[in-house]
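Q: need a 3D model of the following:
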Amino acid sequence: MTMDRAPIFASLASQLPGVWNIDGNIAALDAIIDSWEATNAPADIEYTFPVAAIDATLLAMVSSKSADELEQWVAPLQGACAKYEITTIRRVAAFITTLAHEAGFKVGARENMNYSAERLSQVWPHRYGRRGPNQKARSLHRNPEAIANDVYANRMGNGPASSGDGWRFRGTGPIQLTGRNNFTAFADHLDISLEQAEALILTVEGGIQSAAWFWDENDINRLADTPGIADETRRINGGTNGIADRKRKFDKLVDELLERERAVEGEFG
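A: Coordinates of the predicted model:
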């Protein structure tokens with residue numbers, strides 16, 4: 001049965017008005033998602049462990065959301081993990097950890113960018129003041145759009161601050177895909193328009209799809225095969241921000257998946 005995504009699309013209208021006032025775009029996007037689901041996550045697939053172990057209860061272990069709220073993420077996650085060979089305990093744990101930390105399984109997540117001047121100087125001291133907020137930081141205080149346009153200007157394929165690319169292509173979706181280059185590459189991968197890709201990433205299915213695509217494009221499976229979670233974090237964020245939270249989540253998931261693996265082996269041993 002085709003999922004009724006109209007409520008989700010309606011909630012996105014204010015974020016992308018230039019997309020949603022074009023006749024037929026919602027139907028077109030519905031068709032893109034349904035096609036991807038049919039190709040990547042048919043209902044009758046029986047996944048092997050640990051992909052089969054991905055369920056709402058597992059996700060709830062590293063989320064503030066309930067298992068009921070997280071149920072809609074399970075099938076897209078299983079399909080994406082199977083497609084992109086996220087098929088070992090370490091890879092599954094690292095991928096779920098990243099999604100949980102980056103956006104907390106929030107549908108349509110977008111980077112907030114509502115920084116105070118003080119916080120700007122703490123996060124980007126080289127730009128906004130090493131000894132407290134400089135004049136630039138104070139001028140941007142609590143102005144999310146202006147902050148995004150300044151922080152992300154002339155980077156990752158974005159134009160200057162005046163282009164608005166920083167705000168338009170700020171962190172979006174479960175893995176917080178960022179920058180015009182990444183959005184464009186994802187759109188090209190699916191052979192859809194940039195505008196369609198922007199909207200798709202804000203849905204559950206499209207968000208997971210973009211996250212798994214980014215994971216594969218950046219060879220993060222290989223990094224997940226090595227000890228710890230730092231290498232994956234650096235590849236995604238360019239640093240180790242939030243590493244303590246990521247490690248807690250990762251260790252919890254690995255322990256749980258190992259326990260489930262032992263139960264499976266005991267059942268068939």
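Q: for the rest of this, base every contact and every neighbour count on C-alpha atoms.
A: OK.
Q: could you say which helix or strand holds residue 139?
A: When secondary structure is defined by DSSP states H and E, residue 139 falls within helix 135-140.
Q: list the buried residues of that helix.
A: Of the residues in helix 135-140, those with enough neighbours to count as buried (16 or more other CA atoms under 10 Å) are 137, 140.
Q: other SSEs contacting it?
A: Helix 135-140 sits against helix 117-123, helix 125-128, with contacts defined as 3 or more CA pairs under 8 Å, 6 or more residues apart in numbering; DSSP states H and E.
Q: just the C-alphas of the last one, formatted as CSV.
A: Yep, that's helix 125-128 we're talking about. As requested, C-alpha coordinates have been extracted for helix 125-128 and formatted as CSV (Å, rounded to 0.1, in the frame of the first residue of the first chain):
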residue,chain,number,x,y,z
PRO,A,125,37.0,30.8,17.4
HIS,A,126,39.2,31.4,14.4
ARG,A,127,36.3,33.2,12.7
TYR,A,128,34.3,34.7,15.5
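Q: so how far is it from its chain's centroid?
A: On the basis of CA atoms, centre = their mean, to the nearest Å, helix 125-128 sits 27 Å off its chain's mean C-alpha point.
Q: ok, and what's touching it?
A: 120-121, 131, 134-137 (CA atoms under 8 Å, 6 or more residues apart in numbering).
Q: if you set the cut-off to 10 Å instead, what comes out?
A: If you take CA atoms under 10 Å, 6 or more residues apart in numbering as the criterion, helix 125-128 is touched by 117-122, 131-138, 140, 151.
Q: over to the first one?
A: Here helix 117-123 makes contact (CA under 10 Å, 6+ apart) with 113-116, 125, 127-143, 147, 151, 241.
Q: buried among these? Make that a ChimeraX selection.
A: Selection of buried members from the contacts of helix 117-123 for ChimeraX, criterion 16+ other CA under 10 Å:
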select :113,114,115,116,125,128,129,133,134,137,140,141,142,147,151
